[in-house]
Structures are given as structure tokens and as C-alpha cells.
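K.L.:
give me the fold of what follows.
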Amino acid sequence: MFANTVLPGLLQTREYALAIHQAREVRSPTEDIERMVEARIQRQGILERDPALHLWAVLDEAVLRRTVGDTEIMVGQLKYLHDVAQSPHIDIQVLPFSAGAHAAGAGHFVILWRDDEREPLNSMAVVYIEMRRRGLYLDDAEDVGAYKLTFDYLRSQAADTTASSRLIARARQELSS
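P.N.:
Okay, here's the model as predicted:
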């Protein structure tokens, strides 16, 4: 996945998710927002399945620098992000500001795919583009191929996972001081 404005839901703490939903759903009742947050937190359970889902995220540095909620929420979120990046089935790369213009100028997207060598009919690939109130799914092979290529370029422009962990830690440290 690639995120350029806020952290993807699978990587959000409850407090960060609450702050995001409160900002987006200004006129929604508190109980509706709580339901949205709970649904987001429950979806994170897919990261703990056995066998584990492999998550590879490229995050624009702006995601680390944009304070969501308040400083305390953001410090906790960056600590959580740093910790979860240590998991063997989660790769997080940061696309630093210094990388300049990049292949995903259009914004946030997720590529979901499963290769099933034993049963090719079970293989699938789809791109999910998150929008304000709904998402768009693209399953045309040409569209999926274009997004996979974009993601390859993003990974090549982003800092490696070790340098990315340092960038996350630095952003957290700067907020803490």
C-alpha cells in the first residue's frame, strides 16, 4: 500500500483512528464514529492471522509529519508504527521529502493479491483506491499492472526499511522534545 496523507487503517492506533474519524466526520454522532473506529481496529486482526499476511507499506514522509489529534497521540502512533515495523511480515518504507516528485502523484492506494500456484483460479489481484465515503476497486489486468509498477517505483525511491525505522524514530523524537 501507499499512503501520502494519513496512515493506513491497518497501521493506526485506536487514538489516531479516533482523531482521523472525528476530523472527517464532523457532523456524525459520537456513537457512529466509535463504530467506525472499532471496525478499523477489528480489521487489524488480519495482521495476526496464521499464516501471517505480508503487508508492505510505503509511507510518504508527510504521513509522519502531519500531527493527527495532538502531539501525545502522534508520539504514541509513531511508537506503534516503529514497533509494528519490527514484525517479520510487515515492511514499512518511508518516501522522504528529499525523493522529490514520485510515481504516485495521484495518492493513496492498496494492491491486494494472492498467488495460488496450486490452484491458479484462486489467484487474484485488485487495486483499492480509498475515497472520502467509499472506495474504488480496479481488477482489470492493465490497471493492476500499472499500480504494481507504480508501487515498484515507489519502493525504489523510498528509504530501505532500516533507514525508514530511523526516520520514524526521528519524527517521534522531534515531537517528544
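K.L.:
quick one, grab the pLDDT at Ala101.
P.N.:
Here the pLDDT value assigned to Ala101 is 86.
K.L.:
OK, contacts around the residue positioned nearest the centre of the chain?
P.N.:
Centroid check for the chain by C-alpha atoms, centre = their mean gives Pro8 as the closest residue, at 3.0 Å. Applying C-beta atoms under 8 Å, 6 or more residues apart in numbering, one finds that Pro8 lies in contact with 1, 57, 108, 110. For the C-beta atoms, the positions are set from N, CA and C on the backbone; glycine is no exception.
K.L.:
Ala3 is in contact with the third one, correct?
P.N.:
Going back to what we said before, that points to His108. Yes. The criterion here is C-beta atoms under 8 Å, and His108 meets it with Ala3 at 5.1 Å.
K.L.:
which of those two has more neighbours?
P.N.:
Between His108 and Ala3, counting by other C-beta atoms under 10 Å, Ala3 is the more crowded of the two (22 against 18).
K.L.:
pretty sure that one is touching Asp60, no?
P.N.:
Yes. Ala3 lies in contact with Asp60 (C-beta under 8 Å); the separation is 6.7 Å.
K.L.:
can you map out the strands along the protein?
P.N.:
For the chain, the strands defined by DSSP state E cover 2-3, 55-60, 90-95, 110-114, 124-130, 135-138.
K.L.:
what about the helices in this structure?
P.N.:
Using DSSP state H, the helices of the chain run over 14-24, 30-43, 61-65, 71-84, 141-157, 161-176.
K.L.:
and the contacts of the second one?
P.N.:
What that stands for is helix 30-43. With C-beta under 8 Å, 6+ apart, helix 30-43 has contacts from 9-10, 12, 14, 17-18, 21-22, 25.
K.L.:
mind showing which ranges of this protein have poor pLDDT?
P.N.:
Low-confidence segments of the chain (pLDDT under 70): 106, 115-123.
K.L.:
please repeat the previous calculation with a cut-off of 90.
P.N.:
Applying pLDDT under 90 to the chain picks out residues 24-28, 45-53, 100-108, 112-124, 130-135, 177.
K.L.:
quick check: bridge partners of Glu130?
P.N.:
Following DSSP bridges, Glu130 is listed with bridge partners Gly135.
K.L.:
please look at it and Val110 and confirm they touch.
P.N.:
Yes. Counting by C-beta under 8 Å, Val110 is a contact partner of Glu130 at 7.4 Å.
K.L.:
higher neighbour count, these two?
P.N.:
Val110 (21 against 16).
K.L.:
quick one, what contacts the more buried one?
P.N.:
Counting by C-beta under 8 Å, 6+ apart, Val110 touches 1-2, 8, 127-130.
K.L.:
drop anything exposed from the residues you listed.
P.N.:
The neighbour-count test (16 or more other C-beta atoms under 10 Å) marks 1-2, 8, 127, 129-130 as buried among these.
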